[in-house]
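> below is the structure, and that's it, no one-letter string:
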């Protein structure tokens, strides 16, 4: 608003100065005889000079409004394009006119982001190839973490169940206590299954991502209380991408087991528009993403793995309606993947 007012009065004084210069050029230096009509001739009690000033102000207002609207439109367009820069399939729009400096800056930024994304993917591939030397250390660390979580969650719940069972002999509210015990034991079972889910190997062991996910889902369907719908497509991904996406799926399913209380879960692994899309959706309790993002180990793990392979991710959750975890990563052409494997070999 301040910029608009400043622009308005600047234009008004410029036009006023131009009009004064024009009158000086036509009438000569100001004198009462020649210049007198400007304030002596009145129309509706407004002198001629007042009409000229009002006209100049109106013109200034129109020009200032047009400049402001044009600037806001360009700013909104630039903001929209900049936000789209991080998308893997970003293409600079050709039909929308952009100032050459802005267009050049956007092209350079897009190239830089694409270069950084490819660099992250290459580094992840290299690290995945070298991971065999440290897998045992990771497995030990993961098992230690699971042992702590088993102690902090399942053990405590089973202890609470034993306390309630002990109380059954001292109270007449047996039915209520038994229901509480049943809920605690069921939750303990879910916690145990979710934690055991993490004990699966980090690597897929010569299986494709689709094969590994199908095996995981079939195993889970025999143990969980909710229904799992899935659609899995085979696609060309690097070893690092497959391993990270598999772990992201494990983490999302584990969170669903432990916290969501869902009755339906849908898992998709599909290829659309040169993108590999992994989506896990449930109809559970949901949560506040912003409030839990900094404290949830599972959410942090998903975010770190997604960034590590240079892909886009989003976690959308609505309390009472469910949660969606979605990861998108550009697909490689078959020859590009083969070249990468040859070079790394």
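Good, I have the coordinates. No experiment lies behind these values; they were computed from the predicted model shown.

> in the longest helix along the chain, which residues are buried?
Looking across the chain with DSSP state H, the single longest helix is helix 48-84. Of all the residues in helix 48-84, those buried under the rule 16 or more other CB atoms under 10 Å are 49, 52, 53, 56, 57, 60, 63, 64, 78, 81. Glycine gets a C-beta too; all of them are placed from N, C-alpha and C.

> in what helix or strand does the residue nearest to the fourth one when sequence neighbours are not counted lie?
Going back to what we said before, that points to residue 56. Closest residue in space to residue 56, ignoring its immediate chain neighbours: residue 15 at 4.5 Å, by CB to CB, 6 or more residues apart in numbering. Assigned by DSSP states H and E, residue 15 belongs to helix 2-27.

> next SSE after that helix?
helix 32-35.

> for that following helix, which helices and strands make contact with it?
helix 2-27 (3 or more CB pairs under 8 Å, 6 or more residues apart in numbering; DSSP states H and E).

> cutoff 6 Å now
Packing contacts for helix 32-35, counted by 3 or more CB pairs under 6 Å, 6 or more residues apart in numbering; DSSP states H and E, involve no helix or strand.

> find the nearest non-adjacent residue to residue 35, please.
residue 27 (6.5 Å).

> could you measure from that neighbour over to residue 36?
11 Å (CB to CB, to the nearest Å).

> compare neighbour counts for these two and give me the winner.
residue 27 (14 against 11; other CB atoms under 10 Å).

> quick one: the helices in the stretch 101-250 of the chain?
135-149, 156-167, 174-197, 209-221, 239-255 (DSSP state H, counting those that start in this stretch).

> the residue nearest to residue 56 and residue 57 touch, don't they?
No - counting by CB atoms under 6 Å, residue 15 stays clear of residue 57, with 8.4 Å between them.

> and the angle for the longest helix of the chain with helix 2-27?
140 degrees (axes from the mean of the first three to the mean of the last three CA atoms, to 10 degrees).

> helices or strands up against helix 48-84?
Looks like helix 48-84 contacts helix 2-27, helix 37-40 (3+ CB pairs under 6 Å, 6+ apart).

> rerun that using 8 Å as the cut-off
Packing partners of helix 48-84 (3+ CB pairs under 8 Å, 6+ apart): helix 2-27, helix 37-40, helix 100-129.

> and the ones you listed as a markdown table, adding mean pLDDT and distance to residue 241?
Formatted as a markdown table, these follow (pLDDT from 0 to 100; distance: least, CB to CB, whole Å):
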| stretch | mean pLDDT | distance to residue 241 |
| --- | --- | --- |
| helix 2-27 | 80 | 47 |
| helix 37-40 | 70 | 78 |
| helix 100-129 | 74 | 7 |
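
> nearest to residue 214, of these?
helix 100-129 (21.5 Å; CB to CB).

> re earlier: would you agree the residue nearest to residue 35 is in contact with residue 37?
No - Residue 27 is not in contact with residue 37 according to CB atoms under 8 Å; the separation is 10.0 Å.

> thinking again about what came up before, what comes up buried for the helix holding residue 15?
Buried, per 16+ other CB under 10 Å, within helix 2-27: 7, 8, 11, 12, 15, 23.

> hmm, the fifth one is touching residue 58, no?
No - Residue 15 sits out of contact with residue 58 when judged by CB under 8 Å, with a separation of 10.2 Å.

> hmm, back to that, output the helices and strands packed on helix 48-84 as CSV; include the columns distance to residue 223.
CSV is the format used below for these (distance: least, CB to CB, whole Å):
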stretch, distance to residue 223
helix 2-27, 63
helix 37-40, 93
helix 100-129, 29
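
> please identify the helix or strand for residue 325.
Per DSSP H and E: strand 322-330 holds residue 325.

> same for that strand, what does it pack against?
Here strand 322-330 touches helix 239-255, strand 275-282, helix 297-308, strand 312-318, going by 3+ CB pairs under 8 Å, 6+ apart.
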